[in-house]
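> Following is a predicted model, sequence given first.
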Amino acid sequence: MHPKPQPIHESPTHEPSYRLVVENLREVVFQIDPRGCWSYLSPAWTELTGYPVEECLGKRTMDFVHPEDHKHCMDLGRVLLAREKECCKHEMRYLTRDGGFRWVEVFARLLPTADGSYVGTCGTLNDITQRREATAALARRERYLTAVVEIQQRLLAASHAENFYSALMAPLGEAAGASRAYFFEAHRSPDGDLLFSQRAEWCAPGVTPEFDNPSTRNMHLEQQMPHLYELLSRGQCFSGRVRDLPAEERAALEPQHILSVLVLPLWVHGTLAGFLGFDNCAEERAWDKLEVDLLMAAAGAIALTLEQRQAQRALREREERFRRIAENASDVLYRYQLAGTRSFAFVSGVVTKNLGFTPEEHYRDPELWLRQAHPEDRGALEHLLTHPEKHDCPVVARFLRRDGRTVWLQHVVTPVLDATGLCVAVEGIARDITERRQFEEALKLSEASFRILIEGVPEPAAIQRDGRIVYANTALVSSLGFERPQEVVGRRLEEFILDEPPAAPGMALLVTGERRLLRRDGKVRITEFASLPLLYDGQPAVVCIARDVTEQRQLQSRLALADRMASMGTLAAGIAHEINNPLAFVISNLGFLSEEMRRPPTGAARQEPATDEWRSVLGEAREGAERVRQIVRQLKAFSRPDEERVEPVDLHAVLDSAIMLAANEIKHRARLRREYGPVPKVLGNEGRLCQVFLNLVVNAAQAISEGSADRNEIRLVTRASPDHRAVVIEVKDTGSGIPEDALSRIFDPFFTTKPVGVGTGLGLSICHGIVTSLGGDIAVESQVGQGTTVRVMLPSARDGAWVEKPTAPTPAPTTRRGRVLIVDDEPAVGRALRRILREHDVELLTSGRQALEKLSADSSFHAILCDVMMPDFAGRDLYEAIQQGGSGLEQRFVFVSGGAFTPGAREFLARVPNPTLEKPFDEAAVKRVVRELVMSQLATGS
């Protein structure tokens, strides 16, 4: 018995020490007044329930007891008040602040006074939640294990004919505490679709069965419940509350009043053969890992039995199918006994049609085949029937039919061994190949004609066997730049095809589609290949026929570039406007200066020039020329023909180019906002990306009516993806939006939501093709009346530098004077560069040959600014001549270009490490490049 505690208020002498002990106990010490309200709670109460002690004192104790335990708690209180027991000990649930509950062991007794009355109740609360959960888990485990054992016993006792699934649902459903347990089996529709149908069901009392529901038959699970199908097809279970599931699953489960569900896959031979399901219609409950693991064990046992039944059924079907095949096949199937007396144990009925002798005649005469075999083939046939283990390859023998005709039979045999490994029988197939042999003979006669045909084909053609060319026609020899076929025969075709992965040794190259063909002289031609297998000289081979489409592809490339330039027509007026504005005040200001300088002095003394006004005029003219330069630069980037060249591209520069080209479309319709984040360079082509974003920006502008620029905006947003492997670009507008029924077709060619005459419907289709060809993605989101967002994702260049928002330039360092040589066939350009570099000693030449003579005699120049394109001796020629001289001066070259590159010049500039300056010049860039070269040369003393 517990010692009788004294009321807390009756021990004033020991109260401090008593409270110190109580407040450090893990159990909650409590006192309840006669009204049933808390009058004291030790600090452990907060740890148990989460409620602060001060918040609970004075409140009814029943407010903290689980509703299901109210009656039990009140009964125990009446027992104490009736003095039937001095104290009581019981278990109940107390509510916690987070909405849950804890199991508590309550020890309580009355607090008596000296006159025999009582002032309340006192006692302790001990948290036993873990103990209760462990006990419940053990009980659940025992229940599940009992169910698994019962299932195994029922599976063992089930006959092959009965539907054993129905007998398994009850123990599984009861063990799981489910409202409904069911089994669905997978099967194929006549069209080959994977369907699922319910085969068995168990329901708890009061739960409506769904077995007769038509929706449980022939379910296309992948379409109706895609999330469930995805998990089951990966071998994972499906579990959760129905209200948390995707819409498709809720639509199927909520009409059945299911609150939570658990579905387990059944796998047979590595495929999804069905699933077990458990519904709970009474409460939302989750199945813990232990329950799922035990139910998965039961599902595994059911799947194993299902697999065994399928295997037995398949074996019976195979035996029946073999007999049907044997009796209906065109080949003769036979078994020839070697143990004891040699004889035919089995011969299929088709032997009568093929050989003219019945199976019964074979059973009576074991020597029939040897007697009817052609004399030249009799020995091989006898060795085949007596020593089948020595024949890995088919054996062909001639046979004399009853009607006197000779047939060719190809025998494929397998030895039958006994337990000791002794061959006791031969099982074989005899196939009539008479027609094939006749065809092979005819083929040999036709191959000579085939060679003549291939030789006469105007297109290049080759025949390969075992991966090497065995025949090449004259057109192929000529296309590859050779003179005789012997120079090509014996070589591999893949030697002449660029970017083609090598074929496996001994395998012929089946080339199909467009490839680059490398000629003997190093030239590359674009060729379309077609390949197909055939028999050549009686053996398998591959014939490849090619067609030169180099000129055709070049024409298509030129047409594509012309088409892209033609698309600039929609922006021509705006661009002309943007150029004409600065040109107007540039020409006017320069005319004003010219007049001012020609004006004679008036009066006795010449007037002082208005230098401030002249400086202002010059500044405006320079600003206008810079605007024209930027517009030309953007047009030049947009019209570049090198569409196949992929390299790291500054995305912000591309977006700024598109904005400048579309400025006239934008400014009358909306405000433009740039929200550029720090992003890496993207892997792409500058011209093609400019075409994409120009199209998107123009589309955004045209979705907004003119005259409302103050109420609308177009936003360009850039950011890196979370893994930094891609860059996301968003073009957002506040325009009219796109109807929902049109969004699915927005990238279709010739589909447009614009009025007739405004668009062709090709813009977004072309954008989609360009973005996806670069390994990116493009998507559109829109709401009618609210606007449209086009989201483009492009792969970042692995070694691309990050592009931050522009910052203010730092002051240029001081420069030491150096020697600079300028080579340009346009004297005015050279003089302009000399003025820019006036802090250096500059010499100017207008010919590449003059420069070669100068540099051959004088190698003391620190920097050489050379035009790329010159008529007599181009910059490339000068560079290579200096390089061959070995002086090292080629490292000091800076190339100057107006942008009109030939393919050779473009390839040259991409190959050499020297910097390039574009016309018209950025003075700061020119000074910086020359300063770095001069300082570098002076630092090394060269």
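Perfect, I can see it now.
> what ranges do the helices span in the stretch 701-850 of the chain?
740-743, 763-773, 827-836, 848-857 (DSSP state H, counting those that start in this stretch).
> Could you tell me how far the longest helix anywhere in the chain lies from the centre of the chain?
Looking across the chain with DSSP state H, the single longest helix is helix 289-328. Counting by C-alpha atoms, centre = their mean, to the nearest Å, helix 289-328 is centred 36 Å from the centre of its parent chain.
> And the next helix or strand past that helix?
strand 332-337 (DSSP states H and E).
> what about the strands in the stretch 751-900 of the chain?
For the stretch 751-900 of the chain, the strands defined by DSSP state E, counting those that start in this stretch occupy 777-783, 787-795, 802-803, 819-823, 841-845, 863-867, 893-897.
> Buried residues in stretch 196-206, which are they?
Residues of stretch 196-206 classed as buried: 196, 198, 199, 200, 201, 202, 203, 204 (neighbour count, 16 or more other C-beta atoms under 10 Å). To be clear about C-beta, it is placed using only N, CA and C from the backbone, and glycine gets the same treatment.
> before we move on, back to that, if you average pLDDT over each of the helices of the stretch 701-850 of the chain, which is lowest?
Ranked by mean pLDDT, those bottom out at helix 763-773, with a mean of 77.
> Put the alpha carbons of that helix into CSV.
Extracted in CSV, the C-alpha atoms of helix 763-773 (Å, rounded to 0.1, in the frame of the first residue of the first chain):
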residue,chain,number,x,y,z
GLY,A,763,7.0,32.2,-85.0
LEU,A,764,6.5,30.1,-81.9
SER,A,765,6.9,26.9,-83.9
ILE,A,766,10.4,28.1,-85.0
CYS,A,767,11.2,29.2,-81.4
HIS,A,768,10.2,25.8,-80.1
GLY,A,769,12.4,24.1,-82.7
ILE,A,770,15.5,26.3,-82.0
VAL,A,771,15.2,25.9,-78.2
THR,A,772,14.7,22.1,-78.2
SER,A,773,17.6,21.7,-80.7
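> now the angle between strand 777-783 and that helix, please.
Put simply, helix 763-773 runs at 140 degrees to strand 777-783, going by axes from the mean of the first three to the mean of the last three C-alpha atoms, to 10 degrees.
> I'd like to know which elements helix 763-773 is packed against.
helix 686-702, strand 777-783 (3 or more C-beta pairs under 8 Å, 6 or more residues apart in numbering; DSSP states H and E).
> Go through those and pick out the most buried.
Comparing these by mean neighbour count (mean count of other C-beta atoms under 10 Å), helix 686-702 comes out on top with a mean of 24.
> by contact count, what packs against that helix?
Counting by 3+ C-beta pairs under 8 Å, 6+ apart, helix 686-702 packs on helix 611-638, helix 651-661, helix 663-667, strand 713-720, strand 726-733, helix 763-773, strand 787-795.
> Which among these is found nearest to residue 931?
When these are compared by C-beta to C-beta, helix 611-638 sits nearest residue 931, at 21.4 Å.
> Give the pairing partners of the following helix or strand past the closest one; include direction for each.
As assigned by DSSP H and E, the chain's next helix or strand after helix 611-638 is strand 647-649. In the sheet, strand 647-649 lines up against strand 682-684 (antiparallel) (DSSP bridges).
> just how off-centre is the partner strand within its chain?
Distance of strand 682-684 from its chain centroid, counting by C-alpha atoms, centre = their mean, is 18 Å.
> which other residues reach it?
With contact meaning C-beta atoms under 8 Å, 6 or more residues apart in numbering, strand 682-684 is reached by 646-649, 651, 689, 727, 774-776, 794-797, 800.
> re the thing from before, would you point out the most distant pair within the buried residues of stretch 196-206?
Across the buried residues of stretch 196-206, the longest distance by C-beta to C-beta is 23.1 Å; it joins 196 and 204.
> got the end-to-end distance for stretch 348-358?
Separation of the first and last residues of stretch 348-358 by C-alpha to C-alpha, to the nearest Å is 9 Å.
> Okay, buried residues for that stretch please.
For stretch 348-358, the neighbour count (16+ other C-beta under 10 Å) marks 348, 350, 351, 352, 354, 355, 356, 357 as buried.
> so for that stretch, what's the average pLDDT?
Stretch 348-358 comes out at a mean pLDDT of 89.
> Likewise for stretch 484-492?
So the average pLDDT for stretch 484-492 ends up being 87.
> That one: how far from the chain's middle?
For stretch 484-492, the distance to the chain centre is 44 Å (C-alpha atoms, centre = their mean).
> Sort out which residues of that stretch are buried, please.
Using 16+ other C-beta under 10 Å as the test for burial, stretch 484-492 gives 485, 488, 492.
> Quick one: residues in contact with that stretch.
So stretch 484-492 is contacted by 462, 467-474, 476-477, 480, 482, 503, 509 (C-beta under 8 Å, 6+ apart).
> C-alpha coordinates for the helix or strand harbouring residue 515, CSV please?
Following DSSP H and E, one finds residue 515 within strand 513-518. Provided in CSV are the C-alpha atoms of strand 513-518 (Å, rounded to 0.1, in the frame of the first residue of the first chain):
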residue,chain,number,x,y,z
GLY,A,513,20.2,9.1,-93.1
GLU,A,514,22.4,12.1,-93.6
ARG,A,515,26.2,11.8,-93.0
ARG,A,516,29.4,13.8,-93.9
LEU,A,517,31.6,11.9,-96.4
LEU,A,518,35.3,12.6,-96.3
